[in-house]
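S.K.: Sequence plus the predicted model coming up.
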Amino acid sequence: MGGRVYDLVVRGARVVDGSGRPAFTADLGIADGRIAEIGRIGPGRARRAIEADGLVATPGFIDIHSHSDYHLLLAPGADSSLRQGVTTEIGGNCGYSAAPIWGAWREERVESYREVYGLDCPWQGVGEYFRHLEAAGLAVNFGLLLGHNTLRGSAMGGSARAARPEELEAMEAAARRGMGEGALGLSTGLVYRPACFAPPGELAALAGAVREAGGLLAAHIRSEGDGLLEALEEIIGIARSARIPLQISHLKTSGEGNWAKLDSALALIEAARAEGLAVTADRYPYTAANTGLDAVLPRWALEGSRKEQVARLREPDARARLLAELEARPAAYWGTVMIAEVTLEPHRVYQGLSVDEAAARAGQRPAVFVLDLLAAEELRVEAIYFSMSEANLRRILSREWVMIGSDSGCRSPDSPLGRGHPHPRTFGTFARVLGALAREERLFPLEVAIRKMTSDPARKLGLVDRGCLGPGLAADLVLFDPVAVRDRATYEAPWQFPEGIHAVLVNGRVAVEASTPTGVKAGGVLRRRPSGP
């Protein structure tokens with residue numbers, strides 16, 4: 001029985017190759033980090049074999065909406081990603097990227113990560129950041145979007161005004177350099193500071209600079225609730241004027257009063273697609289959002305540096321105004337916001353409690369508790385917001401142009417990130433799609449579920465050698481039991497890894513075996529390939 005001897009052969013798998021076509025049974029031969037053959041591979045042609053009878057083999061999952069820029073340095077094992085089959089994470093989302101970053105904005109971030117985690121952040125540019133990641137070692141592959149908020153903060157701090165010409169020029173120059181050093185595109189978070197102060201023309205100018213280098217625009221739009229439709233019109237208009245592919249981040253209708261807007265939101269997007277605009281979206285399979293607790297603050301309170309914002313929480317006149325605005329919310333609202341993570345030990349008793357439960361424990365009114373907690377923690381409080389519709393979630397996920405993204409950062413139990421009460425999406429996003437949605441609810445066929453997590457994001461991002469299984473492509477691979485795979489993480493007990501993910505390969509090396517990480521760091525930085533001839 002002649003033929004090439006492979007580093008590894010996966011035998012007898014049910015192959016779902018990522019393209020969307022029906023599954024088929026085959027062996028996969030892997031050599032030098034690539035898939036070399038798919039078919040029947042005879043005995044004696046493998047230095048090592050994995051028997052995959054009863055298991056499904058798919059491309060490694062691509063998390064198109066990750067926040068692991070710093071997490072990969074704090075939790076280098078990336079257990080929460082690997083153990084659900086994620087082999088590639090795309091960071092820099094919602095407008096915040098680890099690079100490029102400079103000036104007072106950088107110093108604020110460096111100080112924060114050093115103070116809270118003891119992490120050194122010695123880079124400024126994208127190339128420096130990538131080299132730092134590679135020197136540390138990566139358990140998964142990683143690609144970066146340039147953060148609009150980070151660019152704006154670096155160029156002009158937290159100023160609540162339009163950029164001056166020289167400031168916009170500095171942002172554009174940094175964006176062009178970042179694209180030249182391998183970034184995949186631009187992201188924005190128009191609901192967050194300081195991009196919330198940016199006019200559409202600023203983002204269009206930056207998007208145009210990124211489009212010249214072949215990148216895309218990923219957007220956390222200006223409102224996902226009361227102003228949802230206006231925000232969609234704004235971002236589609238920006239993409240149209242900049243002629244750039246658009247990825248709408250974590251598409252949702254937030255707040256029960258806005259659930260009925262879904263038909264109009266979908267119609268806006270599908271009209272843009274019919275017009276020929278490359279508009280797609282992503283979503284996590286949960287109905288609670290996760291962001292900073294400072295998201296409850298009005299926009300006027302977000303101007304300036306972190307120190308200026310914290311001082312505003314304590315200044316009597318500003319505090320009185322804030323209390324009045326927060327206490328105007330319905331009393332029931334504070335029962336829908338959960339404290340997820342704090343940095344100071346005395347406040348850890350509040351993790352996993354709703355704001356009204358935590359406030360009662362502290363003997364305070366909810367609004368007073370929130371302002372005191374944010375001030376004491378210097379705004380570094382994560383929260384979970386229960387605000388979405390299960391029916392709308394399924395309608396969004398079932399759209400053929402919607403991909404899967406966790407909107408989370410990787411974590412490992414034995415790391416500085418091995419604490420807190422994170423959103424269950426950190427541990428369960430991709431397994432939940434496979435188990436609860438594809439198998440149990442039959443929201444879509446398995447082949448479609450896999451396509452949404454593999455070839456669709458790869459194509460959107462320009463990752464030409466990933467997202468499908470085929471000869472010559474990167475050997476990022478997941479083996480799972482289609483009957484047993486399921487998520488286990490819950491809002492009450494998030495630190496639970498999924499079941500049924502048997503093995504994960506990253507660039508041809510076994511990173512998870514028998515559902516347990518091996519400790520292998522076979523990932524790498526995925527740089528944008530230069531456009532043009």
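M.R.: Arrived safely. Note that the coordinates shown come from a computational prediction; the quantities given were computed from them, not determined experimentally.

S.K.: buried sites along stretch 477-495?
M.R.: When neighbours are counted by 16 or more other C-beta atoms under 10 Å, the buried residues of stretch 477-495 are found to be 477-482, 485-489, 494-495. To be clear about C-beta, it is placed using only N, CA and C from the backbone, and glycine gets the same treatment.

S.K.: Just say helix, strand or coil for the closest residue to L228 other than its chain neighbours.
M.R.: Ranked by C-beta to C-beta, 6 or more residues apart in numbering and with sequence neighbours excluded, the top spatial neighbour of L228 is K261, at 5.4 Å. Under DSSP: H, G, I helix; E, B strand; the rest coil, the three-state class of K261 is helix.

S.K.: can you pull the contacts of the closest residue to G500 other than its chain neighbours?
M.R.: The shortest distance from G500 to any non-neighbouring residue, by C-beta to C-beta, 6+ apart, is to V485 (3.1 Å). By C-beta atoms under 8 Å, 6 or more residues apart in numbering, the contact list for V485 reads 431, 434-435, 439, 498-501.

S.K.: With V355 instead?
M.R.: With contacts defined as C-beta under 8 Å, 6+ apart, the neighbours of V355 are 334-335, 337-339, 366, 369-370, 383.

S.K.: Assess the claim that the residue nearest to L228 and E230 are in contact.
M.R.: No: taking contacts as C-beta atoms under 8 Å, K261 lies outside contact range of E230: 10.6 Å.

S.K.: more crowded one of the two?
M.R.: More neighbours surround K261 than the other of K261 and E230, with 19 against 11 (other C-beta atoms under 10 Å).

S.K.: who's in contact with the more buried one?
M.R.: Taking C-beta under 8 Å, 6+ apart as the criterion, K261 is in contact with 228-229, 253.

S.K.: Okay, it and R380: tell me how far apart.
M.R.: With distances taken as C-beta to C-beta, to the nearest Å, K261 is found 32 Å from R380.

S.K.: Would you mind measuring from the most centrally placed residue in the chain to F142?
M.R.: Closest residue to the average C-alpha location of the chain: S66 at 2.0 Å, with C-alpha atoms, centre = their mean. Applying C-beta to C-beta, one obtains 8 Å for the distance of S66 from F142.

S.K.: For these two, list the residues in contact with both.
M.R.: By C-beta under 8 Å, 6+ apart, S66 and F142 have these common neighbours: 89-91.

S.K.: is it possible to export those to a markdown table including secondary structure?
M.R.: Putting the shared contacts of S66 and F142 into a markdown table (three-state DSSP) gives the following:
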| residue | secondary structure |
| --- | --- |
| E89 | strand |
| I90 | strand |
| G91 | strand |
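
S.K.: Most neighbours among those residues, which one is it?
M.R.: Using other C-beta under 10 Å as the neighbour criterion, E89 leads the shared contacts of S66 and F142 with 33 neighbours.

S.K.: Please list all residues in contact with that one.
M.R.: Shown in contact with E89 (C-beta under 8 Å, 6+ apart): 63, 66, 68, 72, 78, 81, 140-143, 410.

S.K.: Bridged to the nearest residue to it once chain neighbours are set aside, which residues?
M.R.: By the measure of C-beta to C-beta, 6+ apart, the closest residue to E89 outside its immediate chain neighbours is S66, 3.9 Å from it. Counting by DSSP bridges, S66 is bridged to S408.

S.K.: hang on, S66 packs against S406?
M.R.: Yes: between S66 and S406 there is a contact at 6.3 Å, judged by C-beta under 8 Å.

S.K.: Show me the shaky parts of this protein.
M.R.: Residue ranges of the chain with pLDDT under 70: 1-2, 530-533.

S.K.: if you set the cut-off to 50 instead, what comes out?
M.R.: Of all residues in the chain, those with pLDDT under 50 make up the ranges 1, 532-533.

S.K.: what's the domain layout of it?
M.R.: Taking automatic domain parsing as the domain assignment, the record places the domains of the chain at 61-287+387-464, 297-386.

S.K.: Tabulate the buried residues of stretch 477-495 (TSV), appending secondary structure and distance to P245.
M.R.: Converted to TSV, the buried residues of stretch 477-495 look like this (DSSP: H, G, I helix; E, B strand; the rest coil; distance: C-beta to C-beta, whole Å):
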residue	secondary structure	distance to P245
L477	strand	27
V478	strand	27
L479	strand	32
F480	strand	31
D481	coil	36
P482	coil	33
V485	coil	31
R486	strand	34
D487	coil	30
R488	coil	35
A489	coil	32
P494	coil	33
W495	coil	36
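
S.K.: which one of those residues is nearest A170?
M.R.: When these are compared for distance to A170, the smallest value, 40.0 Å, is given by P494; criterion: C-beta to C-beta.

S.K.: Kindly provide the distance from that closest one to F430.
M.R.: 15 Å.

S.K.: Tell me how far the residue nearest to P498 when sequence neighbours are not counted lies from G180.
M.R.: Once its chain neighbours are removed from consideration, P498 has its nearest residue in A431; the separation is 3.4 Å (C-beta to C-beta, 6+ apart). From A431 across to G180, the span is 37 Å (C-beta to C-beta).

S.K.: So these two - more neighbours on which side?
M.R.: Summary of the neighbour comparison: A431 and G180, criterion other C-beta under 10 Å, with A431 having more neighbours (25 against 14).

S.K.: Could I get the contacting residues of that one?
M.R.: Contacts here follow C-beta under 8 Å, 6+ apart; on that basis A431 touches 84-85, 485-487, 498-501.

S.K.: I30 looks like it's in a strand, true?
M.R.: Yes: using three-state DSSP, the secondary structure at I30 is a strand.

S.K.: what's near enough to touch it?
M.R.: 6-10, 36, 475, 477, 505, 508.

S.K.: Could you give the backbone dihedrals for the residue nearest to G500?
M.R.: With angles defined as degrees, to the nearest 10, V485 shows backbone torsions of phi -60, psi 130.

S.K.: got it, and D17?
M.R.: phi -80, psi 0.

S.K.: What's the local residue count around it?
M.R.: The burial count assigned to D17 is 26, neighbours taken as other C-beta under 10 Å.

S.K.: Please apply the same query to the one 5 residues further on.
M.R.: Using other C-beta under 10 Å, P22 is surrounded by 11 other residues.

S.K.: now the helices: where do they sit in the stretch 101-250 of the chain?
M.R.: Listed in chain order, the helices of the stretch 101-250 of the chain (DSSP state H, counting those that start in this stretch) span residues 103-117, 126-136, 148-156, 165-180, 200-212, 228-242.
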